[in-house]
Each structure stands twice: as C-alpha cells, then as structure tokens.
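> my questions concern the predicted model and sequence given below.
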Amino acid sequence: MSTIKSEVLAANAQYAENFGDKADLALPPARGFAILTCMDARLDPAKYAGLAEGDAHVIRNAGGRASDDAIRSLVISHKLLGTKEWFVIHHTDCGMELFDSNIMGDLLEESLATATVDENGWRNQQSEGGSTDGKYINWLTFKDNAKSVVEDVQRIRSSNLVPNTIPVYGYIYDCKTGKLVEVPEATKIGSV
C-alpha cells in the first residue's frame, strides 16, 4: 500500500471514530449557498468562508471555471437542494495563468507523464505515450484573473437554466493574505 493511501485511510479511520451526529446532517446545505472555486490545494473554502460540514456546496475544478459541468452542479444545487446565492471565487497566483490550450495539447501529444516548468516554460521529462486528444479540449485557461471571474459570472448568469433570482458574486482569493477581494464588475453582472 502506498504511503499516501495509508495516510488517507488512517486519517479517515480517526475521522470516523469521532463522526458523532454528522450522520444527521440534512442533504440540502444549511446556509443555502454554493461556491465555485479552484481545486488549488492552497485554498480551503471551509476556512476562508467560515464553513462547517453541511453548510454549503463547494464545487471545485481547475481554475474555478464555469464549465458546463460546474453549471450543471450549480443548477442541481439550486433546483434540487435549494441554494439561493452563489459565489465564483478564483485566486491569485493560479496555475491556469501559466499555460494555454495549445501548450497543454502539445505537451499531452508528446507524453502523458507529468511535465515541469522553469524560466523557459513547460516541458516534458519523457517523450513517449502521448495522445492528440488534448488538442480537442478547451482547457479554460486565462491571463487576466479579474476578467476570468467576470466571464464566469456572465456565463452562469446567461445560462437558460439559471433563474435570475439567484445572485452570483465574483471574488478573488488572495493567496498572500487570505482575503477575498470582490470583483465589482462580476458582482454587478451577477446581481438580481
């Protein structure tokens, strides 16, 4: 068994021992809101948004982007589980700003192994076992963080499946301070 797997299972065993009344948490989020944010390991939505288990839905993907799947999750969050407010929260120093779809497609075409980055850009350590499939995916990268928040709030607001009664707020989490910084243009677009 891998060290990581052992650590995860040990942590879970300890967590389960103290599970207590968490089995009684309701399916709908108690505080009635959802967050769409990045999968970056430096972000802990429970801490930066003051969440306890059962409080809110947290939808995470690379970049915190309003992809079709993220919108699908938000719509389910509202339609079936009653959320009434949504937050789109990107963050500073996001890895999605460090490449584009062409770079990703080229890297994957050469190799599926993990790539590295340095002052000269991204490069593969191996050059076998690649696939051209990555060239047909929009990786939803961006160069302007605030603009990407605006785009995502606009995309959510424009969806025919999203009621105009749900406010959608736009923020950037500052990885240096832990603060949420509003993107006023995004919040204005997402207002009801």
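It's in.

> can you map out the helices along the chain?
3-17, 45-48, 68-79, 101-110, 145-158, 184-190 (DSSP state H).

> tell me the mean pLDDT for the fifth one?
Per-region confidence: helix 145-158 scores 98 on mean pLDDT.

> helices or strands up against that helix?
If you count contacts as 3 or more Cβ pairs under 8 Å, 6 or more residues apart in numbering; DSSP states H and E, helix 145-158 packs onto helix 68-79, strand 85-91, strand 168-173, helix 184-190. All C-beta spots, glycine's among them, are computed from the backbone N, C-alpha and C.

> which residues are in contact with stretch 140-158?
By Cβ atoms under 8 Å, 6 or more residues apart in numbering, the list of residues contacting stretch 140-158 from outside reads 36, 62-67, 71, 74, 86, 88, 90-92, 94, 96-97, 99-101, 104, 162, 164, 168-172, 183, 185-187, 189-190.

> coming back round to it: pick the most deeply packed of the helices of the chain.
The highest mean neighbour count among the helices of the chain, using mean count of other Cβ atoms under 10 Å, belongs to helix 145-158: a mean of 21.

> CA atoms only: put it into PDB for me.
Written as PDB, here are the backbone C-alpha positions of helix 145-158 (Å, rounded to 0.1, in the frame of the first residue of the first chain):
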ATOM      1  CA  ASN A 145      -7.800  36.900 -13.300                       C
ATOM      2  CA  ALA A 146     -10.500  39.500 -12.700                       C
ATOM      3  CA  LYS A 147     -11.600  39.200 -16.300                       C
ATOM      4  CA  SER A 148     -12.000  35.400 -15.900                       C
ATOM      5  CA  VAL A 149     -14.200  36.000 -12.800                       C
ATOM      6  CA  VAL A 150     -16.300  38.400 -14.900                       C
ATOM      7  CA  GLU A 151     -16.500  35.900 -17.700                       C
ATOM      8  CA  ASP A 152     -17.600  33.000 -15.400                       C
ATOM      9  CA  VAL A 153     -20.200  35.100 -13.600                       C
ATOM     10  CA  GLN A 154     -21.500  36.200 -17.000                       C
ATOM     11  CA  ARG A 155     -21.600  32.600 -18.300                       C
ATOM     12  CA  ILE A 156     -23.600  31.500 -15.200                       C
ATOM     13  CA  ARG A 157     -25.900  34.500 -15.400                       C
ATOM     14  CA  SER A 158     -26.500  33.800 -19.200                       C
END
